[in-house]
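[1] Task: produce atomic coordinates for the following.
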Amino acid sequence: MSLYCSPLMALTVKVCESSSLGEMTAPARGAYPGLLGGSSIAKIIGHNVKASNRFDPMVNMWVYEEMIDGRKLTEIINTEHKNVKYLPGHTLPRNVVAVPDISEAVKGAKILVFVIPHQFISKLCDQIKPHISEGTIGISLIKKLEIEVSVLMGANIASEVADEKFCETTIELLQTPNFRITVVKASDTVELCGALKNIVAVGAGFCDGLGFGDNTKAAVIRLGLMEMVAFAEIFCKGPVSSDTFLESCGVADLITTCYGGRNRKVAEAFVRTSKSIVELEAEMLNGQKLQGPQTSAEVYKVLKKKDMVDKFPLFSAVYLICFEGKEVKEFITCLQNHPEHM
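    Numbers count the residues shown, from 1 in each chain. The predicted structure follows:
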């Protein structure tokens, strides 16, 4: 059986505003890659650079230093080749080296792959700017609305990427037989897809927590996708093609996240318990960060400024429920009274 996969990559644009990262061009032979976070992606990159003469065989992976049972996390990764906290049960290639000093991690790198929670990207960029070489290529796997980047998005769950199950995303450096790549040039639409789908996934989690079935979740996905398209048409700099939403960054990533992602999982627990999003994030995610609630706050701020809150009731309801005390059961009313049904 043959399979065709269409993930997505956005070409050119800069990574980290006002930095020295250059346009997306083919890396020079022996290009040295650096990875900022992302152990599941490190597994793929580590194997690929060893198999190619286009890249330096060593990969520096910046890791936020933590103590695990009295040992430094970087020490555990570099001796046991496992990220026991964030990717337990998976072995990393020996050419992936965990580095706690971010300036050392990026020094000399010609390709930088960003895989960190979007809440930290601005501070991180400020830290690495003095240490980035001229012409360095940047690739972002971050779901965020703000900084222009070359983006890499697709339907991926981190553990499945590490397991090398068939999934979709972008970029030659990352492609394997189980990790196929297609190029799409609509970079701003791609970035919005990666950010906005997390808001929809929170709504899907609300439905699960309230005990509704697949039909209701399907409605959330459909209406959420419509709001994603509408938001892109209003706020993207360039033309928006519906074809982009049929790529892996669009409907595929949306469905995956609404059924298997951490945003859905925590949102369901939010409904079933009396705990806040912040408390559940700390309890359930083992140090990882949620993207959906924070992105809903960013989107709501934009919509309110533009007087467009009523045009995006699903996005707005997620924010109001997470941060303003709106009753979760009103999310269903939001679906029933959505302008699409009027």
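[2] Would you map the helices across the stretch 201-342 of the chain?
    214-235, 253-260, 262-272, 277-284, 292-305, 313-323, 330-336 (DSSP state H, counting those that start in this stretch).
[3] For the fourth one, which helices and strands make contact with it?
    Using 3 or more CB pairs under 8 Å, 6 or more residues apart in numbering; DSSP states H and E as the contact test, the elements touching helix 277-284 are helix 262-272. C-beta: built from backbone N, CA, C; applies to glycine.
[4] pull the CA atoms of the helix it packs on into CSV?
    Extracted in CSV, the C-alpha atoms of helix 262-272 (Å, rounded to 0.1, in the frame of the first residue of the first chain):
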residue,chain,number,x,y,z
ARG,A,262,-2.7,17.9,26.1
ASN,A,263,-5.0,20.9,25.6
ARG,A,264,-8.0,18.6,25.2
LYS,A,265,-6.9,16.5,28.2
VAL,A,266,-6.5,19.4,30.6
ALA,A,267,-9.7,21.1,29.4
GLU,A,268,-11.7,17.9,30.1
ALA,A,269,-10.2,17.8,33.6
PHE,A,270,-11.0,21.5,34.1
VAL,A,271,-14.7,20.7,33.6
ARG,A,272,-14.6,17.6,35.9
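[5] how far off helix 253-260 does that helix point, in degrees?
    40 degrees (axes from the mean of the first three to the mean of the last three CA atoms, to 10 degrees).
[6] Now tell me what touches helix 262-272 from outside.
    Residues outside helix 262-272 that contact it (CB atoms under 8 Å, 6 or more residues apart in numbering): 198, 201-206, 208-210, 257-258, 275-277, 280-281, 284-285, 288, 290-293, 322, 328.
[7] Tell me which helix or strand residue 97 sits in.
    Here residue 97 is covered by strand 96-99, with elements defined by DSSP states H and E.
[8] and that strand, which strands flank it?
    The strands that strand 96-99 pairs with in its sheet are strand 59-62 (parallel) (by DSSP bridges).
[9] and for the helix or strand that comes right after the partner strand, what are the contacting residues?
    Moving toward the C-terminus from strand 59-62, the next helix or strand (DSSP H and E) is strand 67-68. For strand 67-68, the surrounding residues in contact (CB under 8 Å, 6+ apart) are 73, 76, 84-85.
[10] Among the residues you listed, list the two that are farthest apart in space.
    The widest separation within those, taken as CB to CB, falls between 76 and 85 and amounts to 8.5 Å.
[11] picking that back up, in ChimeraX, how would I select just the buried ones from the contacts of strand 67-68?
    To isolate the buried ones among those in ChimeraX, judged by 16 or more other CB atoms under 10 Å, type:
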select :73,76,85
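[12] Would you map the strands across this protein?
    8-9, 33-36, 59-62, 67-68, 71-72, 96-99, 111-114, 137-140, 152-153, 167-169, 179-181 (DSSP state E).
[13] In TSV: the ones you listed, plus mean neighbour count.
    Shown next, in TSV, are these (neighbours: other CB atoms under 10 Å):
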stretch	mean neighbour count
strand 8-9	28
strand 33-36	28
strand 59-62	26
strand 67-68	10
strand 71-72	14
strand 96-99	21
strand 111-114	26
strand 137-140	25
strand 152-153	28
strand 167-169	23
strand 179-181	21
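[14] Looking at those strands, which is nearest to residue 316?
    Here strand 152-153 is closest among the strands of the chain (CB to CB), at 23.7 Å.
[15] looking at the helices of the stretch 201-342 of the chain, which is buried most?
    helix 313-323 (a mean of 24; mean count of other CB atoms under 10 Å).
[16] helices or strands up against that one?
    For helix 313-323, the packing partners by 3+ CB pairs under 8 Å, 6+ apart are helix 187-210, helix 214-235, helix 292-305, helix 330-336.
[17] Out of those, which gets nearest to residue 244?
    helix 187-210 (4.7 Å).
[18] What is the distance between that closest one and the centre of its chain?
    When distances are taken as CA atoms, centre = their mean, to the nearest Å, helix 187-210 is centred 11 Å away from the chain's centroid.
[19] what is the rounded mean pLDDT of that helix?
    Mean per-residue pLDDT for helix 187-210: 93.
[20] Return the set of buried residues in that helix.
    187-209.
[21] give me phi/psi at the residue nearest to residue 65 when sequence neighbours are not counted?
    Excluding the flanking residues, the one nearest residue 65 by CB to CB, 6 or more residues apart in numbering is residue 100, at 4.1 Å. Dihedral pair for residue 100: phi -80, psi -20, per degrees, to the nearest 10.
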